[in-house]
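Peer 1: kindly return the folded structure for what I paste below:
(chains A and B)
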Amino acid sequence: GAVVSQHPSRVICKSGTSVKIECRSLDFQATTMFWYRQFPKQSLMLMATSNEGSKATYEQGVEKDKFLINHASLTLSTLTVTSAHPEDSSFYICSARGRRGARETQYFGPGTRLLVL
Amino acid sequence: AQKITQTQPGMFVQEKEAVTLDCTYDTSDPSYGLFWYKQPSSGEMIFLIYQGSYDQQNATEGRYSLNFQKARKSANLVISASQLGDSAMYFCAMREGRGGATNKLIFGTGTLLAVQP
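Peer 2: Purely as a prediction, here's the structure:
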């Protein structure tokens, strides 16, 4: 079964509104969570890396004030797209890394499709 | 410079035949990990196989094997006995360093595989 969940799976919103996406690790503690963005027919581009309890590290070109990341616990990270615009429409995928049993593992969530009208 | 290169934007293969998906990488770090993921049309990222830079043998997972040529910096994925359900996008990814908590995965541009009956 899934070990990383994302909610919502799809969201449509009006331009100017904010959207929050949740990423949860279901049966392990995620010391690090990664947020990716994928445009149609393109690869995954890393947006930011977050560690529990500390500020996220953003990749070059990603606006930290627009894409707010909170990693408040070892099982939950949130990405908030503030004042979303049509160009923010994309597929957002989180990935959680941590120990699951004896091994360190990294799993991806099922993704969230965001459409901004 | 591209860290991960997948030169095949698309591939066709007949059902039950084997197919090789190419991946080359560039790194100066002696310690790294190479991953292959499958992304069907639903969007989820499915982990297939992993190869560590110090692993002596090529990784295998069921019908998937990784042809690791360290000197050539290539990590091609071989899928044996292709099935219709193998039709998907395939991404090669690399993580530099010893898998520390924040070491990030960098993805290639992907190869779209179509399995024909």
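Peer 1: and the residue in chain B that chain A sits nearest to, how many residues sit next to it?
Peer 2: Using C-beta to the nearest C-beta, the closest approach of chain B to chain A is made by residue B:45 at 3.8 Å. The way it works is simple: take the backbone N, C-alpha and C, and place the C-beta from them, glycine included. Using other C-beta atoms under 10 Å in any protein chain shown, residue B:45 has 26 neighbouring residues.
Peer 1: just the strands in the chain please.
Peer 2: Looking at chain A here, since you left the chain open. A:4-7, A:10-13, A:19-25, A:29-38, A:44-51, A:57-58, A:67-73, A:76-81, A:90-100, A:103-108, A:112-116 (DSSP state E).
Peer 1: please refer instead to chain B.
Peer 2: Assigned by DSSP E, chain B shows strands spanning B:4-5, B:10-14, B:19-21, B:24-25, B:32-39, B:46-52, B:60-61, B:64-69, B:74-79, B:88-96, B:105-107, B:111-116.
Peer 1: pipe those strands into CSV and attach distance to residue A:17 per row.
Peer 2: CSV is the format used below for the strands of chain B (distance: least, C-beta to C-beta, whole Å):
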stretch, distance to residue A:17
strand B:4-5, 35
strand B:10-14, 37
strand B:19-21, 40
strand B:24-25, 40
strand B:32-39, 28
strand B:46-52, 32
strand B:60-61, 43
strand B:64-69, 42
strand B:74-79, 41
strand B:88-96, 30
strand B:105-107, 30
strand B:111-116, 34
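Peer 1: possible to save the ones you listed as JSON lines with mean neighbour count and mean pLDDT?
Peer 2: What follows is these, written out as JSON lines (neighbours: other C-beta atoms under 10 Å in any protein chain shown; pLDDT from 0 to 100):
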{"stretch": "strand B:4-5", "mean neighbour count": "19", "mean pLDDT": "95"}
{"stretch": "strand B:10-14", "mean neighbour count": "13", "mean pLDDT": "96"}
{"stretch": "strand B:19-21", "mean neighbour count": "19", "mean pLDDT": "98"}
{"stretch": "strand B:24-25", "mean neighbour count": "19", "mean pLDDT": "96"}
{"stretch": "strand B:32-39", "mean neighbour count": "22", "mean pLDDT": "94"}
{"stretch": "strand B:46-52", "mean neighbour count": "17", "mean pLDDT": "92"}
{"stretch": "strand B:60-61", "mean neighbour count": "12", "mean pLDDT": "94"}
{"stretch": "strand B:64-69", "mean neighbour count": "18", "mean pLDDT": "97"}
{"stretch": "strand B:74-79", "mean neighbour count": "22", "mean pLDDT": "98"}
{"stretch": "strand B:88-96", "mean neighbour count": "23", "mean pLDDT": "93"}
{"stretch": "strand B:105-107", "mean neighbour count": "21", "mean pLDDT": "91"}
{"stretch": "strand B:111-116", "mean neighbour count": "17", "mean pLDDT": "97"}
